[in-house]
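In: I'd like to go over a predicted model; first the sequence, then the structure.
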Amino acid sequence: LPIPTLMVVDQDDAGITISGMKMLATSAAFCNDIWIGNLLPLAPDQVKQAVTCAIPCNVRGLTMWMRQPISLNAENQFDSPLTWNMDETDVLVMCDNVKVPWEKVFVMDDAILAREIYIKTPGHCYGNHQANVRFWSKMELITGLCSKVTKATGADQVPAVRETLGRIAALESTLSGMVHGQIEAAESWPEGYMTCNRRMMYAALNWCTENHSAIVDLLRELCGGGVFQMPASITVMHDKKLREDFEAYFQTPQMEAPDRMKLFKLAWDVVGSEFAGRQQQYEKFYAGASFIIRNHSFREAPWEHFDGVVDNLMSGYDIPEPKGARVAAE
């Protein structure tokens, strides 16, 4: 069987030829070109895999293997508001002797440089700063949903519920502070340029991947069984008798039936739908497995400073004299 890893299989005066597969090209089906590279470290002898290049999506030999779009299951935007227009297609890219001209080749035959173009430049920092901001926007949505759901059920004044709302508000503010900190403590790096603070950015990245499931669970707990109480589809509003029953029995003192359903359908697309399941997996792994994300923080941490704090404290005391030695000397 062939080795599936994408690599350079040939080269000539016109450029290189690549074969193999790469994952994961999110939204590649909507792109003009695909960037191929190596964010993960390569072994020094993986020179043929150490290629960074760009290829057009209609190049001969390229095929894109896409999972089934989740949005196909959405009947309308009201019942599936996020699924309807926010599903990102995930694509596995397969190259079968794809020709790449030299002007589209950026790194080749250098396993170290293939990764360092991201971490020795601001590229990885800016890309993941944007990811932090994206997650923060998502946090604002979830925080707002927590508030709206409890108001819709009349539970917003219950002390235990207010405690949970306070917790989600604190979590949102924590991430807000980390995002602002990356800007306020920006680094003069590389020389002559300013970059978001890398340590704070990677710390926020780790925080997001660690906490997403727990954050969604807070909304899940506040929703309770409310997400299961709604009709299968808002098309009940198209039938006179069903509409009358729906508006009469699904309303509450706090909210009319269609508005309740609209709110809980949105909440369900965050906590329980197929779209929500994809988001759960995506938020854990889009930046890599946990050990990869934490290794970024390990790499950027000022370990000499931390060691120095310990050494400075320990330098202030020494082995004590034996008890009674001072008295005997006198």
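Out: Received, thanks. Residues are numbered from 1 along each chain as shown.
In: show me what contacts Asn58?
Out: Shown in contact with Asn58 (CB atoms under 8 Å, 6 or more residues apart in numbering): no residues. (Each C-beta comes from the backbone N, C-alpha and C, glycine too.)
In: longest strand of the protein?
Out: In the chain, assigned by DSSP state E, the strand with the most residues is strand 91-101.
In: now that strand: average pLDDT?
Out: Across strand 91-101, pLDDT averages out at 97.
In: which residues in the chain form strands?
Out: Under DSSP E, the chain gives strands at 7-12, 15-22, 33-36, 51-56, 62-66, 91-101, 105-108.
In: so what strands line up beside the longest strand of the chain?
Out: Strand 91-101 has the following strand partners under DSSP bridges: strand 15-22 (antiparallel), strand 62-66 (antiparallel).
In: can you say which of those is nearest to Cys223?
Out: Of all the strands paired with strand 91-101, strand 62-66 sits nearest to Cys223, with 31.4 Å by CB to CB.
In: just the angle for that closest one relative to strand 51-56, thanks.
Out: Angle between the axes of strand 62-66 and strand 51-56 is 90 degrees (criterion: axes from the mean of the first three to the mean of the last three CA atoms, to 10 degrees).
In: in strand 62-66, which residues are buried?
Out: Neighbour counts over strand 62-66 (16 or more other CB atoms under 10 Å) mark Leu62 as buried.
In: state the distance from Tyr193 to Arg199.
Out: Separation of Tyr193 from Arg199 (CB to CB, to the nearest Å): 17 Å.
In: save the strands paired with strand 91-101 as a markdown table, and put in mean pLDDT too.
Out: Converted to a markdown table, the strands paired with strand 91-101 look like this (pLDDT from 0 to 100):
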| stretch | mean pLDDT |
| --- | --- |
| strand 15-22 | 97 |
| strand 62-66 | 96 |
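In: ok, the nearest residue to Asp156 once chain neighbours are set aside to Glu256 distance?
Out: Leaving aside its chain neighbours, Asp156 sits nearest to Thr150 (4.0 Å; criterion: CB to CB, 6 or more residues apart in numbering). Distance of Thr150 to Glu256, computed by CB to CB: 17 Å.
In: again with Met94
Out: For Met94, the distance to Glu256 - CB to CB - is 51 Å.
In: ok, the two, which is more surrounded?
Out: Between Met94 and Glu256, Met94 has the larger neighbour count (other CB atoms under 10 Å), namely 18 against 12.
In: please list all residues in contact with the more buried one.
Out: Met94 touches 20-21, 62-65, counting by CB under 8 Å, 6+ apart.
In: hmm, which two among those residues are most spread apart?
Out: Within the contacts of Met94, Gly20 and Met64 form the most distant pair, 14.1 Å apart (CB to CB).
In: what is the burial count for His296?
Out: Counted with other CB under 10 Å, His296 comes out at 22.
In: for it, what are its contacts?
Out: Here His296 is in contact with 119, 202, 205-206 (CB under 8 Å, 6+ apart).
In: change it to 6 Å
Out: Shown in contact with His296 (CB atoms under 6 Å, 6 or more residues apart in numbering): Tyr202.
In: what of Tyr286?
Out: By CB under 6 Å, 6+ apart, the contact set of Tyr286 is empty.
In: rerun that using 8 Å as the cut-off
Out: Here Tyr286 is in contact with 26, 131 (CB under 8 Å, 6+ apart).
In: the residue nearest the centre of the chain: what's its closest spatial neighbour, skipping adjacent residues?
Out: By CA atoms, centre = their mean, the chain has its centre lying nearest to Glu283, at 4.1 Å. Distances taken as CB to CB, 6+ apart place His212 nearest to Glu283, at 4.0 Å, with adjacent residues excluded.
In: same check on Ser19?
Out: Ser19 sits nearest to Val9 (CB to CB, 6+ apart), 4.9 Å away.
In: quick one: contacts for that neighbour?
Out: 17-19, 48, 97.
In: then Phe285?
Out: Neighbours of Phe285 in contact, by CB under 8 Å, 6+ apart: Thr209.
In: and the pLDDT for it?
Out: Phe285 is given a pLDDT of 93.
In: measure it to Arg134 for me?
Out: The span separating Phe285 from Arg134 equals 15 Å under the rule CB to CB.
In: next: Met64.
Out: Noted for Met64: a distance of 24 Å to Arg134, by CB to CB.
In: do Arg60 as well
Out: 35 Å.
In: and the two? Which one has more around it.
Out: Shown here are Arg60 and Arg134; by other CB under 10 Å, Arg134 has more neighbours (12 against 9).
In: so what pLDDT did that one get?
Out: Model confidence at Arg134 (pLDDT) stands at 98.
In: now do Val327
Out: 59.
In: same question for Glu330.
Out: Reading off the model, Glu330 has pLDDT 61.
In: go on, Pro4?
Out: Looking at Pro4, its pLDDT stands at 87.
In: can you get me a residue count around it?
Out: Neighbour number of Pro4 under other CB under 10 Å is 11.
In: still on that earlier bit, out of the strands paired with strand 91-101, flag the one nearest Asp307.
Out: strand 15-22 (39.7 Å).
In: most neighbours among the contacts of Val9, please name it.
Out: Counting by other CB under 10 Å, top hit in the contacts of Val9: Ile18 with 27 neighbours.
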